[in-house]
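**Student:** output the structure for:
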Amino acid sequence: MLDSKGFDLWADGYDRSVVSAEESDAYPFAGYKAVLGHIFQTVMHTPHARVLDLGFGTAVLTSKLYENGCEIFGQDFSESMTAIASSKMPGAHLYTGDFSKGLVQELRSERFTHIISTYALHHLTDDQKHSLIDLLRTQLCPGGTILIGDVAFASRADLAACRASAGEEWDDEEFYFVFEDWKRLIPTAVFTPLSHCAGVLEIR
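**Tutor:** I've put the predicted structure just below:
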């Protein structure tokens, strides 16, 4: 698992690494563009959206939302990624902080039409994810939505098949969403699979 310093070192080449894996339809980034596109289209249905992005990285997705008129807030634990994202979105409200410990003070009084996270929450255990999601639901405007795009599976059987296929590439230090488990925790959740190893979890 990369820590914040590891992501700082990876920041310059991050987008190239993702695109290479996505184009080869390989775990873990197969479906990456489809995941981002799905979230983008969902957010853009809301006029004047106020969007919080957790783990925004180099702002591949949020910069497009920003360019299309969304008000952008964000938290990422990498100072280098925050610097890159800030250069793309000078009017955004971006903060450096570890979201596994909650939101930074500046974000706690804000409310959002959408809270999004792409390829970031798999660094948290399921218990940590659940606690964070419970917190995030209190930060939503009425009718707001949490959209989590990540390495994710409809079932434990699907996860096992991907793990077997990935072989030595599989990362045992990451914790992936399995929808059949989350459906029991949050019955109103909806999952949209977008590749053999990725999808979007939607929580209202």
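
**Student:** list the residues that contact the closest residue in space to Phe56 that isn't next to it in sequence.
**Tutor:** Setting aside the residues directly before and after it, Phe56 is nearest to Gly74 in space (Cβ to Cβ, 6 or more residues apart in numbering), at 4.2 Å. Where you see a C-beta, it was placed from the backbone N, CA and C, and this is true even at glycine. With Cβ atoms under 8 Å, 6 or more residues apart in numbering as the criterion, the residues that contact Gly74 are 52-54, 56, 59, 62, 85, 92-95.

**Student:** now the strand or helix carrying Gly74: mean pLDDT?
**Tutor:** Counting by DSSP states H and E, the secondary-structure element that holds Gly74 is strand 71-76. Mean pLDDT, strand 71-76: 98.

**Student:** buried residues, that strand. List them.
**Tutor:** Neighbour-count burial for strand 71-76, with 16 or more other Cβ atoms under 10 Å as criterion, is recorded at 71-76.

**Student:** quickly name whichever of those residues is closest to Asp134.
**Tutor:** When these are compared for distance to Asp134 (Cβ to Cβ), Gln75 comes out closest, at 16.8 Å.

**Student:** any figure for the gap between the closest one and Ser165?
**Tutor:** Counting by Cβ to Cβ, to the nearest Å, the gap from Gln75 to Ser165 is 33 Å.

**Student:** go on, Lys33?
**Tutor:** Using Cβ to Cβ, which is the criterion applied here, Lys33 is 20 Å from Ser165.

**Student:** between these two, who's got more neighbours?
**Tutor:** Lys33 (16 against 13; other Cβ atoms under 10 Å).

**Student:** where in this structure is pLDDT low?
**Tutor:** For the chain, the stretches flagged by pLDDT under 70 are 1-24.

**Student:** and the next helix or strand past the longest strand seen in it?
**Tutor:** Criterion DSSP state E: the longest strand present in the chain is strand 140-153. Of the helices and strands lying after strand 140-153 in sequence (DSSP H and E), the nearest is helix 156-166.

**Student:** outside of the next helix-or-strand element following that next one, which residues touch it?
**Tutor:** Counting by DSSP H and E, the next helix or strand C-terminal to helix 156-166 is strand 177-178. Counting contacts by Cβ under 8 Å, 6+ apart, the residues outside strand 177-178 that touch it are 121-122, 129, 148, 150-156, 158-159, 199, 201.

**Student:** CA atoms only for the following helix or strand past strand 177-178 - export them in CSV, please.
**Tutor:** Secondary structure here is assigned by DSSP H and E; on that basis, the next helix or strand after strand 177-178 toward the C-terminus is helix 179-185. The C-alpha atoms that make up helix 179-185 are tabulated as CSV, following Å, rounded to 0.1, in the frame of the first residue of the first chain:
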residue,chain,number,x,y,z
PHE,A,179,-21.8,-5.3,-3.4
GLU,A,180,-23.5,-8.3,-1.9
ASP,A,181,-21.9,-7.4,1.4
TRP,A,182,-22.7,-3.7,1.2
LYS,A,183,-26.3,-4.3,0.2
ARG,A,184,-26.9,-5.9,3.6
LEU,A,185,-25.3,-2.9,5.3
